[in-house]
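>>> below are the sequence and a predicted model for it; my questions follow.
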Amino acid sequence: MRYYVRIMSSDGQDQAILRIVKRRTELRKRKALIESELQAAGEFLDDIGGSLKHIGNSNPEHIANITMRLQRAPEICGLERIKDMVAELAQIYAEFVQLNRSAAGAGID
């Protein structure tokens, strides 16, 4: 999505600036949510990964513990879900670049 601020009436320019500001606010909220979910998934997967590194030296209790943690894994730990979130985050970053250019052109940054 591209955002342009053209030479226009004061009201039109104000509306364009307002759209930019609102969209950036929406994107900041979505970005924070996705980053938080990815960090949580990363911590959870790091914990499981650490256990899996030592699977060859495991006893039945250790295996049961890993199995229990895998069963409790939140949906955000699924690799397809992670892939989707990372792709969405990349789109958000790209849109921020465009919005920031438009904001600078409108004199709001």
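Yes, it's here.
>>> contact partners for the residue most central in space within the chain?
Centroid-nearest residue in the chain: residue 34, 2.9 Å away (criterion: CA atoms, centre = their mean). Contacts here follow CB atoms under 8 Å, 6 or more residues apart in numbering; on that basis residue 34 touches 85, 88, 89, 92. All C-beta spots, glycine's among them, are computed from the backbone N, C-alpha and C.
>>> list phi and psi for it.
Per-residue torsions, residue 34: phi -60, psi -50 (degrees, to the nearest 10).
>>> gap between it and residue 83?
Going from residue 34 to residue 83 by CB to CB, to the nearest Å gives 12 Å.
>>> name the residues contacting each of the two.
Residues touching both residue 34 and residue 83 (CB under 8 Å, 6+ apart): none.
>>> where does residue 8 land on pLDDT?
At residue 8, the model reports a pLDDT of 52.
>>> residue 52 contacts residue 69, correct?
No: the pair residue 52 / residue 69 is not scored as a contact, 10.2 Å apart, by CB atoms under 8 Å.
>>> which other helices and strands does the worst-scoring helix or strand of the chain on mean pLDDT contact?
Scoring the helices and strands of the chain by mean pLDDT, DSSP states H and E places helix 60-71 at the bottom, with a mean of 86. Applying 3 or more CB pairs under 8 Å, 6 or more residues apart in numbering; DSSP states H and E, one finds that helix 60-71 contacts helix 10-53.
>>> that concludes my questions; thank you for your assistance.
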